[in-house]
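> quick one, what's the 3D model for this:
(chains A and B)
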Amino acid sequence: MPKAQVTFQDIGVTVTVPAGTRLIEVSEKVGAGITYGCREGECCTCLTKIVSGHEHLAAPSVLESQVLKDNLAPRHHRLACQAQILGGTIVVKPA
Amino acid sequence: MPATADRADAVEVARGVHWIGAFDPDLRSFDIILRTANGTSYNAYAVRGDAGVAVIDTVKAGFGARFFHRLEAVADYDEISTVVLNHLEPDHSGALPELLRRAPRAQLYVSHQARPMLKGLFDPEEFAGRITGVGTGDTVDLGGRRLEFFNTPYLHWPDTQCTWLEDEGLLFTGDFLGCHYCDTRLFNDAVGDFRFSFDYYYAHIMRPFRAHVRTALDLIEPLLLRTIAPAHGPVLREDPRDYVRRYRALSESGLHRTQVKTLAIFYISAYGATRRMAEAIAAGAESAAGDTESLTGGVRVSLYDIEGSEPHPFVDLIEEADALIFGSPTINGDAVKPVWDLLSSLTMVDVKGKLGAAFGSYGWSGEAVPMIEDRLRRLKLRVPVQGVKARLAPTPDEFLACHELGREIALHLLGRAEARVIDMASLA
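I've put the predicted structure just below:
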């Protein structure tokens, strides 16, 4: 299975994950500072800055895009509960 | 006039500005979390310009009749060109849909953050094309005077904003700078002593957002304020800056500012095992700071036995600490009640992003540690180091693990923690 590496910059932890993993599945397990509310892509609590490697995340769904727009999210920010890791190397931190 | 009597009329608060809200003197509990010994008021205002009337905020559902009665005393519905909602919570938006129906010319102005939340209040299709999102610097012309908006989010919802009427030096602040205090004499120089209510309201509503309070004060302090018109409690026309200064004082750090990071360890112990684990964690944390005599640039480590205090003073300490470690024995498969009492008190302060960890002794299964860790994550702390459990009396290896836990957390505080690379399969 293809692997990816995601680094949680705020706690200095890099995790090797299988492709297809969502950020939420990893960040909670390692205790990173990304915080969650609804976990369903509605509340925008888990807004996360993709420091590098945004191209290695699956494109946002229509729902996620709308929530990002409604909440005036800056460029290269994603909802950690929705963003799916495809491969490569990604660095993230709480927005 | 007795302070609890309803006052039937609209009240002029400045030139062409009327209070048109409602009094709720019998309320004794607000939003479940606040006691309201004096009831409260739902303040709404009407601002008259040459080209139209603006309504700022509405009232709680059930108080609409009084609100509309007062509004009708100062304006016709077809004169209303503008409705501003500084905050969408139901006690301010209860009469909004009906107001928009009665005032067909009115355009609704809310913060950008509020727009997606409106669908929780009514079907936005009913008012399609009549809703405008605004941010800091946006204005609405009323003819000869204008309203200006300040985006002040998280006071205490994401949607909150303030609205400024410059020609009168009048700031409509929503919940910010308000309080639950019902007195029909309305103005701060006429009502009873509401200082306690003002501070109590800050402590329960604004304190968890104190960083956002300071950001909002940065926007507000340069204004030439003559009156503050909040959405609850007295209108602040006498020495309004006193209240701004009070918020500034309340929202600043309560301790001396130093370059020292602070680690607070809270524990409770039945037979002394969890206590000795706490001491080992403290020793580990101190070892990370090095041998220097001064704490400057280091970590100040404090140990507290939860049994020794009510939660409230600990909450003050926790608000100021950079890292928090909680220790609890496991009894009947759970952390013990005093620990939960403390952890359930932390919604009053901002703990987001602080470092957290857990530890504790147990007899059979040791659920307390992962349960506390889960609670810390839900409180939005970072929990970068796995907690330590010890069965009954800790072994030397378990004391060593405690020492390492303290050292790791201290190194994180000092920015000296080593970067780690791990495989997801190794995570529990």
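
> sketch out the low-pLDDT regions of the stretch 151-300 of chain B for me.
The model of the stretch 151-300 of chain B has pLDDT under 70 over residues B:254-258, B:290-297.

> leaving out chain neighbours, which residue sits closest to the closest residue to chain B within chain A?
Nearest to chain B in chain A, going by C-beta to the nearest C-beta, is A:Gly31, at a distance of 3.4 Å. Glycine gets a C-beta too; all of them are placed from N, C-alpha and C. Using C-beta to C-beta, 6 or more residues apart in numbering or on different chains and skipping the chain neighbours, the partner closest in space to A:Gly31 is B:Val383 (3.4 Å).

> could you report the neighbour count for the one you found?
By other C-beta atoms under 10 Å in any protein chain shown, 25 other residues sit near B:Val383.

> so who does it touch?
By C-beta atoms under 8 Å, 6 or more residues apart in numbering or on different chains, the residues touching B:Val383 are A:31, B:355-358, B:373, B:376-377.

> and what of B:Phe194?
Counting by C-beta under 8 Å, 6+ apart, B:Phe194 makes contact with B:38, B:179, B:181, B:183, B:188, B:233-234.

> how close does the residue nearest to B:His312 when sequence neighbours are not counted get to chain A?
Leaving aside its sequence neighbours, B:His312 sits nearest to B:Ser345 (C-beta to C-beta, 6+ apart; 7.3 Å). Distance of B:Ser345 to chain A, given as C-beta to the nearest C-beta, to the nearest Å: 19 Å.

> for B:Ser345, give me the pLDDT.
pLDDT for B:Ser345: 94.

> name all residues that make contact with it.
B:311-312, B:314-315.

> ok, now which ones touch the residue nearest the centre of chain A?
Nearest residue to the geometric centre of chain A (C-alpha atoms, centre = their mean): A:Ala80, 3.5 Å. For A:Ala80, the contact set (C-beta under 8 Å, 6+ apart) comprises A:22-24, A:27, A:34, A:36, A:46-48, A:92.

> 6 Å instead?
Taking C-beta atoms under 6 Å, 6 or more residues apart in numbering or on different chains, we find A:Ala80 in contact with A:23-24, A:27, A:34, A:46, A:48.

> close to chain A: what parts of the stretch 301-428 of chain B are there?
Selection of the stretch 301-428 of chain B residues close to chain A by C-beta under 6 Å from any C-beta of the partner chain yields B:353, B:380, B:382-384, B:417, B:419-424, B:427.

> between the residues you listed, which is nearest A:Ala58?
B:Met424 (17.4 Å; C-beta to C-beta).

> mind telling me what element the closest residue to the closest one other than its chain neighbours is part of?
Closest residue to B:Met424 in three dimensions, ignoring its sequence neighbours and counting by C-beta to C-beta, 6+ apart: A:Val17, at 4.5 Å. Taking DSSP states H and E as the definition, one finds A:Val17 inside strand A:13-18.

> what residues does the helix or strand that comes right after that strand touch?
Using DSSP H and E, the next helix or strand after strand A:13-18 towards the C-terminus is helix A:23-30. The contact list for helix A:23-30, computed with C-beta under 6 Å, 6+ apart, reads A:13, A:15, A:17, A:34, A:80-81, A:83, B:427.

> switch the cut-off to 8 Å
Residues from elsewhere that reach helix A:23-30 (C-beta under 8 Å, 6+ apart): A:6, A:8, A:11, A:13, A:15, A:17, A:32, A:34, A:36, A:39, A:46, A:48, A:78, A:80-81, A:83, A:85, A:92, B:377, B:384, B:422, B:424, B:427-428.

> among those, which ones are in strands?
A:6, A:8, A:13, A:15, A:17, A:48, A:78, A:92, B:422 (DSSP state E).

> hmm, back to that, closest to B:Tyr271 out of the residues of the stretch 301-428 of chain B next to chain A?
Closest approach between those and B:Tyr271, by C-beta to C-beta: B:Val383, at 26.5 Å.

> now do the helix or strand hosting B:Ser81, average pLDDT.
Assigned by DSSP H and E, B:Ser81 belongs to strand B:80-84. Throughout strand B:80-84, pLDDT has a mean value of 98.

> how about stretch A:83-95?
Mean pLDDT, stretch A:83-95: 95.

> now do the end-to-end distance for it.
The first and final residues of stretch A:83-95 sit 14 Å from each other (C-alpha to C-alpha, to the nearest Å).

> ok, and does it reach over to chain B?
Yes. Stretch A:83-95 reaches chain B (C-beta under 8 Å from any C-beta of the partner chain) through A:Pro94.

> how about that stretch: buried residues?
Under the neighbour-count criterion of 16 or more other C-beta atoms under 10 Å in any protein chain shown, stretch A:83-95 has A:83-88, A:90-95 buried.

> ok, residues contacting it?
Residues from elsewhere that reach stretch A:83-95 (C-beta under 8 Å, 6+ apart): A:2-10, A:17, A:19-23, A:27, A:32-35, A:47-58, A:60, A:64, A:73-74, A:77, A:80, B:353.

> re the thing from before, count residues in the vicinity of the residue nearest to B:Met424, would you?
Neighbours of A:Val17 under the rule other C-beta under 10 Å: 22.

> list the contacts of it.
Contacts of A:Val17 (C-beta under 8 Å, 6+ apart): A:3-6, A:25-26, A:85, B:424.

> please redo it, this time with the cut-off set to 10 Å
Counting by C-beta atoms under 10 Å, 6 or more residues apart in numbering or on different chains, A:Val17 touches A:3-6, A:23, A:25-26, A:85, A:87, A:90, B:423-425, B:427.

> also B:Ile131?
Listed by C-beta under 10 Å, 6+ apart, the contact partners of B:Ile131 are B:83, B:85, B:100, B:107-110, B:114-115, B:118, B:124.

> what of B:Leu250?
So B:Leu250 contacts B:198-199, B:202-203, B:206-207, B:210, B:213 (C-beta under 10 Å, 6+ apart).

> now, which of these lie within strands?
Per DSSP E, strands hold no members of the contacts of B:Leu250.
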